[in-house]
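Colleague: one predicted model, sequence on top.
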Amino acid sequence: MIGREEKKDNDLFFTCSFIDYVARKTKNKRNIVVQKLGKDRIEKIYDLADIYHSYNIEQVAAEFIEEAEIPIGTFDNVKECNYAIPTHWDIGKVYKRLIIGVAAAKNIDIIEALFEVYDSFICELLDDYNGSFYYENPQFILETYLSGKLED
């Protein structure tokens, strides 16, 4: 371990932040970006995160957008936000914590958990920047995901 967290946790943080960055850049929902990138590219981003992190994120994103042929969409949760907009790093941290929790709870690997999380109802809640779900306690977000619904 170097720093405050395991290296692979930091690599997951970069991967999730990168997914959010690409989604904002292409105006797509996060699950679309994950689907278009596919398992091999996501694994590559995760495995080489420490290298990609030292490059210009805009350049790396442009290369992956072109290679994966990610189209420009119409989903713009940044434009629609009426309040302070969380950065792609802020949202990456939320997704990272959730994915680590899901992997542990379900005893699955990180990449499998990543695909499960991004392909679930939880993304609608996390990506609504006019709501406050992404600010919730990480354990609450995990329990909401695991239960399959948002409790009132």
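Modeller: Here it is on my side, so go on. Fair warning: this is a prediction, and the values are worked out from it, not measured in the lab.
Colleague: rest of the way, CA atoms for contacts and neighbours
Modeller: Fine.
Colleague: OK, contacts around Ile108?
Modeller: Val102 (C-alpha atoms under 8 Å, 6 or more residues apart in numbering).
Colleague: would you say it is within a helix?
Modeller: No. Assessed with DSSP: H, G, I helix; E, B strand; the rest coil, Ile108 is coil; it does not lie in a helix.
Colleague: and the helices in the protein?
Modeller: Under the criterion DSSP state H, the chain contains helices at 7-26, 30-47, 49-52, 57-68, 88-106, 110-118, 122-126, 138-147.
Colleague: what about the ones you listed, which gets the closest to Asn82?
Modeller: Asn82 sits nearest to helix 122-126 of all the helices of the chain, at 15.3 Å, using C-alpha to C-alpha.
Colleague: got a list of contacts for the closest one?
Modeller: Residues from elsewhere that reach helix 122-126, judged by C-alpha under 8 Å, 6+ apart: Arg30, Asn31, Val117, Gly131, Phe133, Tyr134, Thr144, Tyr145.
Colleague: count the neighbours of the second one for me.
Modeller: Okay, so that is Asn31. 20 (other C-alpha atoms under 10 Å).
Colleague: go ahead and confirm it touches Leu114.
Modeller: No. In this structure Asn31 lies outside contact range of Leu114 using C-alpha atoms under 8 Å: 10.1 Å.
Colleague: rewinding a little: list only buried entries from the contacts of helix 122-126.
Modeller: Applying 16 or more other C-alpha atoms under 10 Å to the contacts of helix 122-126, the neighbour count classes Arg30, Asn31, Val117, Phe133, Tyr134, Tyr145 as buried.
Colleague: out of these, which two sit at the greatest distance?
Modeller: Of all pairs in the buried ones among the contacts of helix 122-126, the most separated under C-alpha to C-alpha is Asn31 and Phe133 at 17.8 Å.
Colleague: any idea how far the residue positioned nearest the centre of the chain is from Tyr83?
Modeller: When C-alpha atoms, centre = their mean is applied to the chain, the residue found nearest the centroid is Cys16 (3.3 Å). Going from Cys16 to Tyr83 by C-alpha to C-alpha, to the nearest Å gives 22 Å.
Colleague: rewinding a little: need the buried ones among the contacts of helix 122-126 in a markdown table (columns: pLDDT and distance to Phe64).
Modeller: Output for the buried ones among the contacts of helix 122-126, formatted as a markdown table (pLDDT from 0 to 100; distance: C-alpha to C-alpha, whole Å):
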| residue | pLDDT | distance to Phe64 |
| --- | --- | --- |
| Arg30 | 95 | 14 |
| Asn31 | 96 | 15 |
| Val117 | 97 | 21 |
| Phe133 | 89 | 29 |
| Tyr134 | 86 | 26 |
| Tyr145 | 94 | 29 |
